[in-house]
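Student: Here is my input; please provide its structure:
(one chain, ligands or ions: 2)
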Amino acid sequence: MKSILFVDDEPNVLEGLQRMLYPMRKEWRMVFAQSGEEALKRMEEEPFDVIVSDMRMPGMDGATLLAEVMKRFPQTVRIVLTGQTGNESVFRSVGAAHQFLMKPCNPTALKACVDRAFTLRDLLNNDALKRVVARVESLPALPATYTRLIKELQSPETSLAAIGKIIETDVAMTAKVLQLVNSAFFGLRQHVASATQAVTYLGLDTIKALVLMAGVFAQAHVTKLTAAFSLESLWRHSMLVGVYAQAISRSAGADDETIRNAFTAGVLHDAGILILVENFAEDYRKILEICETRQLPLAQVEEAGLGCTHAGIGAYLLGIWGLPDPIVEAVAFHHSPGQCAARIFTPLSAVHIADVFAHEMTEAEHYEPGRKLCHEYLEALGLQEKLGQWREICSKDISK
Ligand SMILES: [Fe+2]
Ligand SMILES: [Fe+2]
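Tutor: Ligands and ions are numbered 1, 2, ... in the order given. Now for the predicted structure:
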């Protein structure tokens with residue numbers, strides 16, 4: 001039985017939750033706390049699998065509470081239940097929350113959210129994956145610039161100029177970000193000359209994703225393994241999948257959060273390849289060669305040769321970096337979306353489709369042969385008939 005701790009300062013919200021979740025009592029042990037302080041006290045007394053917290057509370061607010069839970073009880077899944085739609089609260093808790101739910105929420109949505117969180121955790125706790133991680137000498141570090149950005153975003157007086165300045169103190173990062181911003185991928189009419197300008201044009205979330213992406217790539221040293229695989233082609237492919245995933249989720253009518261997460265997950269979806277290339281270069285060259293000569297799916301050959309896939313190891317990395325679950329999930333299951341418990345449109349749906357489209361449209365850079373859409377999954381989501389339209393949107397995309 002899973003144990004869940006609910007935190008909200010308003011007694012009637014808690015009562016409502018209690019009433020609504022009554023049917024779940026056989027599956028979940030539920031405890032209700034009225035403040036952050038009380039919640040921490042309960043957690044000291046007994047472990048909880050999940051904490052679901054309100055954001056705005058007098059005394060200790062949700063962001064502070066979840067940051068504390070992250071530090072002291074890292075195993076607990078952290079879910080924010082918020083009535084605010086503004087970005088501000090979301091920014092403040094970046095890193096501290098695994099999932100976001102909007103109020104009012106129904107038992108089905110909450111249950112789906114908890115199930116998804118556990119499916120993902122099972123995958124990341126998998127022994128074979130852990131054995132590979134143990135052999136990995138160095139996992140890329142979370143880019144320092146990203147950490148500084150998150151810190152700055154938590155300050156109530158933050159400004160675009162302050163954000164821009166943080167990026168600019170990292171000269172190599174600024175160069176990379178500006179190169180990306182000015183590339184055809186974004187189709188901006190004006191040349192962007194500074195990080196502050198880049199933030200203004202593209203928005204913070206896009207810039208944050210680019211900072212992460214540039215950081216991961218900067219930590220890789222092997223530049224070319226086979227004729228089809230080079231760092232350069234992986235870089236282009238990653239950008240393409242980010243841009244496509246964003247366009248697809250926009251066309252699917254997804255909410256802003258999903259669109260932003262789809263972009264981030266898209267640019268990071270193959271980050272696991274970088275880890276494997278960096279740590280097992282020779283083995284990985286062989287894996288790629290087998291794929292190319294026999295036209296076998298990369299994930300299948302990786303699994304046979306290393307015991308894990310680049311999707312799993314990439315998700316593992318983003319998980320330790322504290323990125324939100326929908327992003328980690330999209331990376332983890334981008335080859336096998338059916339494994340994810342969610343049957344709604346998520347960043348995973350967008351990234352799965354975007355990845356296959358990107359591979360279809362750039363044959364020359366086919367280091368991942370045999371990428372196919374998972375029609376069973378798309379059917380279950382009712383997305384089949386949209387594919388034609390999305391393929392067209394992506395093929396017209398400026399970034400091609
Ligand atoms: Fe992949
Ligand atoms: Fe890919």
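Student: Roughly how far does V7 sit from ligand 2?
Tutor: Distance, V7 to ligand 2, by Cβ to the ion, to the nearest Å: 39 Å. For every residue, glycine as well, the C-beta is placed using N, CA and C.
Student: ok, that residue touching L66?
Tutor: No - if you go by Cβ atoms under 8 Å, V7 and L66 don't touch, sitting 9.4 Å apart.
Student: Between the two, which contacts overlap?
Tutor: Common contacts of V7 and L66 (Cβ atoms under 8 Å, 6 or more residues apart in numbering): I51, S53.
Student: Can you tell me which residues in the chain are near ligand 2?
Tutor: Neighbours of ligand 2 within the chain, by Cβ under 5 Å from the ion: D270, D355.
Student: what's the domain layout of the chain?
Tutor: 2-125, 131-141+219-396 (automatic domain parsing).
Student: Quote the end-to-end distance of the shortest one.
Tutor: Its first and final residues considered, domain 2-125 spans 17 Å by Cα to Cα, to the nearest Å.
Student: dump the residue contacts of the closest residue to ligand 2 within the stretch 301-400 of the chain.
Tutor: At 4.4 Å from ligand 2, D355 is the closest residue in the stretch 301-400 of the chain, using Cβ to the ion. Counting by Cβ under 8 Å, 6+ apart, D355 touches V241, G266, H269, H334, R371.
Student: Repeat that for R189.
Tutor: R189 touches nothing, counting by Cβ under 8 Å, 6+ apart.
Student: picking that back up, okay, among the contacts of D355, which ones form the most distant pair?
Tutor: Distance extremes for those: the farthest pair is G266 and R371 at 14.2 Å, using Cβ to Cβ.
Student: Same drill for the two, tell me which one is more crowded.
Tutor: Applying other Cβ atoms under 10 Å to G266 and R371 shows that G266 carries more neighbours, namely 33 against 18.
Student: So that one is in contact with S238, correct?
Tutor: Yes - counting by Cβ under 8 Å, G266 touches S238, with 7.4 Å between them.
Student: which of the domains of the chain sits most buried?
Tutor: Mean neighbours per residue, mean count of other Cβ atoms under 10 Å, is largest over these for domain 131-141+219-396, with a mean of 20.
Student: pretty sure Q197 belongs to a helix, no?
Tutor: Yes - assignment of Q197 by DSSP: H, G, I helix; E, B strand; the rest coil places it within a helix.
Student: Look up the closest residue to it, ignoring the ones flanking it.
Tutor: Spatially, and ignoring its direct neighbours in sequence, Q197 is nearest to G164 (7.5 Å; Cβ to Cβ, 6 or more residues apart in numbering).
Student: Going along the chain, name the strands of the stretch 151-300 of the chain.
Tutor: In the stretch 151-300 of the chain, no strands are defined using DSSP state E, counting those that start in this stretch.
Student: Pipe the contacts of D355 into JSON lines and attach pLDDT and distance to L202 per row.
Tutor: Listed next are the contacts of D355 as JSON lines, based on pLDDT from 0 to 100; distance: Cβ to Cβ, whole Å:
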{"residue": "V241", "pLDDT": "95", "distance to L202": "17"}
{"residue": "G266", "pLDDT": "97", "distance to L202": "14"}
{"residue": "H269", "pLDDT": "96", "distance to L202": "19"}
{"residue": "H334", "pLDDT": "96", "distance to L202": "23"}
{"residue": "R371", "pLDDT": "79", "distance to L202": "28"}
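Student: which stretches of this protein have low pLDDT?
Tutor: 84-95, 363-367, 370, 397-400 (pLDDT under 70).
Student: Pick out the residue nearest the middle of it.
Tutor: Note on the chain: the residue nearest the mean C-alpha position is I327, at 1.6 Å, using Cα atoms, centre = their mean.
Student: Tell me how far whatever residue of the stretch 1-150 of the chain ends up closest to ligand 2 lies from A128.
Tutor: Residue nearest to ligand 2 within the stretch 1-150 of the chain: P140 (17.5 Å; Cβ to the ion). Separation of P140 from A128 (Cβ to Cβ, to the nearest Å): 21 Å.
Student: From M102, how far out is T82?
Tutor: Distance of T82 to M102, given as Cβ to Cβ: 6 Å.
Student: And the lengthiest helix in the chain, what does it pack against?
Tutor: What stands out as the longest helix in the chain, according to DSSP state H, is helix 231-251. With contacts defined as 3 or more Cβ pairs under 8 Å, 6 or more residues apart in numbering; DSSP states H and E, helix 231-251 has these neighbours: helix 204-218, helix 256-268, helix 271-279, helix 347-361, helix 387-396.
Student: Adding distance to A193, write these out as JSON lines.
Tutor: Formatted as JSON lines, the helices and strands packed on helix 231-251 follow (distance: least, Cβ to Cβ, whole Å):
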{"stretch": "helix 204-218", "distance to A193": "15"}
{"stretch": "helix 256-268", "distance to A193": "22"}
{"stretch": "helix 271-279", "distance to A193": "29"}
{"stretch": "helix 347-361", "distance to A193": "29"}
{"stretch": "helix 387-396", "distance to A193": "28"}
